[in-house]
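Trainee: Please work out how this folds:
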Amino acid sequence: MDTPPAPITDTRDQHIADLRAAIQRAIPLLGFAAGREADSDPRQAGLLLAAADGMTQLLNRTAP
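Mentor: Below is the predicted model:
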(Lines give C-alpha, C1' and ligand atoms only; values in the text may rest on other atoms or scores of the structure.)
Protein backbone atom coordinates (compact mmCIF):
# COMPACT_ATOMS: atom_id res chain seq x y z
CA MET A 1 0.00 0.00 0.00
CA ASP A 2 1.40 3.38 -0.96
CA THR A 3 1.78 5.94 1.76
CA PRO A 4 1.38 9.58 0.74
CA PRO A 5 4.46 11.71 1.27
CA ALA A 6 4.73 13.42 4.62
CA PRO A 7 3.81 17.10 4.49
CA ILE A 8 6.68 19.54 4.61
CA THR A 9 6.29 21.34 7.89
CA ASP A 10 9.62 23.13 8.11
CA THR A 11 9.56 26.34 6.07
CA ARG A 12 13.27 25.93 5.36
CA ASP A 13 12.55 22.57 3.72
CA GLN A 14 9.83 24.20 1.65
CA HIS A 15 12.16 26.97 0.53
CA ILE A 16 14.77 24.41 -0.48
CA ALA A 17 12.14 22.44 -2.40
CA ASP A 18 11.05 25.64 -4.16
CA LEU A 19 14.65 26.48 -5.11
CA ARG A 20 15.25 22.98 -6.44
CA ALA A 21 12.06 23.20 -8.51
CA ALA A 22 13.11 26.56 -9.96
CA ILE A 23 16.53 25.19 -10.90
CA GLN A 24 14.91 22.14 -12.50
CA ARG A 25 12.73 24.43 -14.62
CA ALA A 26 15.69 26.63 -15.61
CA ILE A 27 17.93 23.84 -16.91
CA PRO A 28 15.94 23.02 -20.07
CA LEU A 29 15.46 26.72 -20.77
CA LEU A 30 19.23 27.22 -20.69
CA GLY A 31 19.65 24.28 -23.07
CA PHE A 32 17.06 25.75 -25.43
CA ALA A 33 18.72 29.17 -25.35
CA ALA A 34 22.10 27.55 -26.00
CA GLY A 35 20.69 25.81 -29.07
CA ARG A 36 19.40 29.10 -30.43
CA GLU A 37 22.78 30.77 -29.87
CA ALA A 38 24.91 27.92 -31.22
CA ASP A 39 25.25 29.21 -34.79
CA SER A 40 25.51 32.93 -34.13
CA ASP A 41 27.45 32.94 -30.86
CA PRO A 42 29.08 29.63 -29.97
CA ARG A 43 30.87 31.13 -26.97
CA GLN A 44 27.57 32.25 -25.43
CA ALA A 45 26.05 28.85 -26.21
CA GLY A 46 28.92 27.21 -24.37
CA LEU A 47 28.42 29.46 -21.36
CA LEU A 48 24.72 28.65 -21.25
CA LEU A 49 25.41 24.91 -21.49
CA ALA A 50 28.05 25.17 -18.76
CA ALA A 51 25.53 26.91 -16.52
CA ALA A 52 22.96 24.18 -17.18
CA ASP A 53 25.58 21.51 -16.44
CA GLY A 54 26.58 23.24 -13.21
CA MET A 55 22.97 23.40 -12.10
CA THR A 56 22.47 19.73 -12.91
CA GLN A 57 25.53 18.79 -10.86
CA LEU A 58 24.28 20.93 -7.99
CA LEU A 59 20.93 19.17 -8.02
CA ASN A 60 22.63 15.77 -8.08
CA ARG A 61 24.79 16.67 -5.07
CA THR A 62 21.89 18.04 -3.06
CA ALA A 63 19.26 15.43 -3.85
CA PRO A 64 16.57 15.31 -1.19
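Trainee: Which elements pack onto whichever strand or helix holds Leu49?
Mentor: When secondary structure is defined using DSSP states H and E, the element that contains Leu49 is helix 42-61. Counting contacts by 3 or more CB pairs under 8 Å, 6 or more residues apart in numbering; DSSP states H and E, helix 42-61 is packed against helix 11-37. C-beta: built from backbone N, CA, C; applies to glycine.
Trainee: Packing partners of the helix it packs on?
Mentor: In this structure, helix 11-37 makes packing contacts with helix 42-61, judged by 3+ CB pairs under 8 Å, 6+ apart.
Trainee: Quick one: distance of stretch 18-34 to the chain centre.
Mentor: Shown here is stretch 18-34, whose average C-alpha point lies 4 Å from the average C-alpha point of the whole chain (CA atoms, centre = their mean, to the nearest Å).
Trainee: what's the answer for stretch 48-58, then?
Mentor: Mean-position distance between stretch 48-58 and its chain equals 8 Å (CA atoms, centre = their mean).
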